[in-house]
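Trainee: Fold the following, please.
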Amino acid sequence: MWTGTLESIHIAAAAKAPTRSVGQVQAIPGVGLEGDRYALKQGTFFKPEPEFELTLIEAEAIEALQRDYHLTLAAGDARRNLVTRGVPLNHLVGREFQVGEVKLRGIRLCEPCSHLEAVVGQPVIKGLRHRGGLRAQILNQGVIRAGDPVRE
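Mentor: Numbers count the residues shown, from 1 in each chain. As a prediction, this is how the structure comes out:
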């Protein structure tokens, strides 16, 4: 058993727009995070499917990118909505977990791609391969807050 923490929340109003950090956000099943590009149907890869509702990445993966590849990436620049600490995201594919009061289901890994490299202007694919995060479905409406516990 594990319990992690939600370090930060990031949303962007449109594809390729800079993300902005927010202290809390409304999670809406079948839609995404209120104000985020995918909830607004403005995301680069938007499809009306559960895997496009929410993305997460481990803070440890961002730190490993700096340590192992000497690439500095701010948490929001990873283009994932939620940055966690102490959460084994790769193990949550096909499993339900909770961030604060919101239940989520891990759908599939969110591997880095050439689009991410183009937006951040750094060669991050190799350093984030298999550590690029998780795509998740929102199972109930609620508020997600920075600092919330993340648990199975």
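Trainee: Point to the helix or strand of the chain where mean pLDDT is at its lowest.
Mentor: Within the chain, judged by mean pLDDT, DSSP states H and E, the helix or strand with the poorest mean is helix 114-120; its value is a mean of 84.
Trainee: Flag every buried residue along that one.
Mentor: Buried positions in helix 114-120, judged by neighbour count with 16 or more other CB atoms under 10 Å: 116, 119-120. (Glycine included, C-beta is placed from N, CA and C.)
Trainee: Is Ser8 bridged to anything, and to what?
Mentor: On the basis of DSSP bridges, Ser8 takes part in beta bridges with Val83.
Trainee: hang on, the earlier thing: what's the following helix or strand after the least confident helix or strand of the chain?
Mentor: Per DSSP states H and E, the first helix or strand lying C-terminal to helix 114-120 is helix 125-128.
Trainee: Report the mean confidence score over whatever helix or strand comes next after that next one.
Mentor: On the C-terminal side of helix 125-128, the nearest following helix or strand under DSSP H and E is strand 134-138. What strand 134-138 shows for mean pLDDT is 97.
Trainee: Sheet partners, orientation included, of the helix or strand following strand 134-138?
Mentor: Past strand 134-138, further along toward the C-terminus, the next helix or strand under DSSP H and E is strand 142-145. Listed by DSSP bridges, the sheet partners of strand 142-145 and their directions read strand 24-28 (antiparallel).
Trainee: May I have the strands that pair with the next helix or strand after the strand it pairs with, each with its orientation?
Mentor: Next along the chain after strand 24-28, taking DSSP H and E as the criterion, comes strand 32-33. Strands that pair with strand 32-33, judged by DSSP bridges, come out as strand 24-28 (antiparallel).
Trainee: Give me the buried stretch members for the strand it pairs with, please.
Mentor: By neighbour count on 16+ other CB under 10 Å, the buried set for strand 24-28 is 25, 27-28.
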